[in-house]
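J.: coords please:
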Amino acid sequence: MLNHNQQLPVYALEPDGVGRNKHFRMYNFTGTLPDESDFLIPHRKDHYLLVFMRRGGSSLWIDMNPYSLKDNTFYFTEPNQIIVKDGFQELWSTGIAFTTEFLSLQGNTVLSGLPLIQNPQNGHELLLSEVDVVFVEDMIAKLNAEYQSSGEWQQRMLAAYLTVLVTYLSRLYVEQFRDIGVSVDKVLLKNFQLKINERFRELREVSEYASLLNISAGHLSEVVKSQSGKPAIKHIHERQVLEARRLLFHTDNSLKEIAFDLGFSDTSYFNRFFKRECNVTPVEYRMATRKMYHDY
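T.: Have a look, this model is predicted:
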């Protein structure tokens with residue numbers, strides 16, 4: 001069990017038996033489940049990760065922002081962002097991972113300056129048209145073919161194909177985030193989310209977070225709702241539920257112990273809270289998730 005006071009684990013890019021490249025790796029999932037070992041475990045990666053999601057339905061947290069993964073959509077993260085795999089549906093996707101060292105190699109430096117890599121808007125999701133999907137699939141096929149080959153030209157070819165793909169996606173990035181500025185309200189939402197991640201076990205009310213941020217509860221609620229589309233209290237509840245699900249899946253702690261860990265003084269209240277947020281009881285959730293992995 002990961003104690004909430006411990007430093008989050010950082011996952012390095014590990015070479016596989018195909019590419020044997022410690023700075024670049026392809027991941028292809030065709031109906032497989034995510035790795036059970038890091039399911040619902042907050043962690044960081046020391047590398048960039050681009051993912052083309054062919055079939056959505058699952059969910060993911062990036063820097064404590066939840067994303068409901070959509071069909072034919074591109075997702076991307078930078079090194080050291082907090083990531084939580086929040087769903088256990090089968091994956092149909094391709095991932096492209098590469099390190100900062102890969103970007104610094106001779107000939108690859110143009111990648112570093114592209115908007116998708118710089119990510120000034122702190123975005124993580126790109127919606128693709130049918131034309132975009134065709135282009136992305138073609139580039140992924142070329143990358144996969146080169147990744148599985150070998151020879152002195154492999155590194156150059158991977159960099160060339162990746163540059164074309166990221167350049168194309170950067171154009172989409174600029175178009176999709178053109179009118180989104182970094183406003184004071186957006187900064188406030190980010191700070192609110194950071195405070196929740198730090199204090200969700202002990203603080204349960206919007207007013208308590210407003211005090212930490214030195215603003216009124218009314219103003220905080222208004223800004224959070226306008227920026228995220230969700231009430232401020234919903235952000236607090238989502239973080240509590242995420243931790244509850246992690247404890248239910250990764251530990252054998254009793255419901256009473258989990259409820260106490262999350263700041264609930266009464267197990268029955270925790271049961272009602274979880275059922276309201278997840279439409280299943282804690283026991284039902286624990287049984288369903290473990291059964292799925294066991295049956296698989």
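
J.: Next, the buried residues of the longest helix seen in the chain.
T.: Longest helix in the chain, counting residues (DSSP state H): helix 154-176. Within helix 154-176, the residues scored as buried using 16 or more other C-beta atoms under 10 Å are 154-155, 157-162, 165-166, 169-170, 172-173. In short, each C-beta sits where N, CA and C put it, glycine included.

J.: same deal with stretch 115-129?
T.: 115-117, 119, 121, 123-126, 128.

J.: Kindly report the same for stretch 102-112.
T.: Neighbour-count burial for stretch 102-112 [16+ other C-beta under 10 Å]: 102-103, 105, 108, 111.

J.: per-residue confidence averaged over that stretch?
T.: The average of the pLDDT scores along stretch 102-112 is 81.

J.: How about stretch 51-70?
T.: 91.

J.: How about stretch 153-162?
T.: Stretch 153-162 shows a mean pLDDT of 91.

J.: From the chain's centroid, how far away is that stretch?
T.: Chain-centre distance of stretch 153-162: 27 Å, with C-alpha atoms, centre = their mean, to the nearest Å.

J.: List the contacts of that stretch.
T.: Stretch 153-162 has contacts (C-beta atoms under 8 Å, 6 or more residues apart in numbering) with 21, 24, 96, 98, 102, 105, 107-108, 111, 139, 142-143, 146-147.

J.: Go through those residues and flag which are in helices.
T.: If you go by DSSP H, those have 102, 111, 139, 142-143, 146-147 in helices.

J.: between these, which is nearest residue 221?
T.: Nearest to residue 221 among the ones in helices among the contacts of stretch 153-162 is residue 111, at 41.0 Å by C-beta to C-beta.

J.: so who does the closest one touch?
T.: Contact partners of residue 111, counting by C-beta under 8 Å, 6+ apart, are 103, 117, 159, 162-163, 166.

J.: Tell me which two in those are the farthest apart.
T.: Greatest spatial distance in the contacts of residue 111: 117 and 159, 13.1 Å, computed using C-beta to C-beta.

J.: wait, which of the ones in helices among the contacts of stretch 153-162 is closest to residue 70?
T.: For the ones in helices among the contacts of stretch 153-162, the nearest to residue 70 is residue 139 (19.6 Å; C-beta to C-beta).

J.: Okay, buried residues for the helix or strand harbouring residue 287 please.
T.: Per DSSP states H and E: residue 287 is located in helix 282-295. For helix 282-295, burial by neighbour count (16+ other C-beta under 10 Å) applies to 282, 285-286, 289.

J.: Equivalent analysis for stretch 207-227, please.
T.: With burial defined by 16+ other C-beta under 10 Å, the residues of stretch 207-227 counted as buried are 209-210, 217, 220-221, 223-224, 227.

J.: just checking, which of the residues you listed belong to helices?
T.: The members of the buried residues of stretch 207-227 that map onto helices under DSSP H are 209-210, 217, 220-221, 223-224, 227.

J.: about what we covered before: and the furthest pair within the buried residues of stretch 207-227?
T.: The widest separation within these (C-beta to C-beta) is 15.8 Å, between 217 and 227.

J.: Low-confidence ranges, the protein, go.
T.: Residues of the chain meeting the criterion pLDDT under 70: 1-6, 19, 106, 179-182, 293-296.

J.: Now do the domain split for it, please.
T.: If you go by automatic domain parsing, the domain ranges for the chain are 10-176, 184-295.

J.: May I see the contacts of stretch 153-162 arranged in a markdown table, with distance to residue 248 as well?
T.: Converted to a markdown table, the contacts of stretch 153-162 look like this (distance: C-beta to C-beta, whole Å):
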| residue | distance to residue 248 |
| --- | --- |
| 21 | 38 |
| 24 | 36 |
| 96 | 32 |
| 98 | 35 |
| 102 | 38 |
| 105 | 44 |
| 107 | 48 |
| 108 | 43 |
| 111 | 41 |
| 139 | 40 |
| 142 | 42 |
| 143 | 38 |
| 146 | 42 |
| 147 | 37 |
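
J.: quick one: the helices in the stretch 1-150 of the chain?
T.: For the stretch 1-150 of the chain, the helices defined by DSSP state H, counting those that start in this stretch cover 100-104, 109-112, 115-118, 130-147.

J.: and residue 70, which of the ones you listed is closest to it?
T.: That would be helix 130-147 among the helices of the stretch 1-150 of the chain, by C-beta to C-beta, at 12.0 Å.

J.: list the buried ones in the closest one?
T.: Buried residues in helix 130-147, counted by 16+ other C-beta under 10 Å: 132-133, 135-136, 139-140, 142-144, 146-147.

J.: which ones are touching residue 216?
T.: By C-beta under 8 Å, 6+ apart, the neighbours of residue 216 are residue 210.
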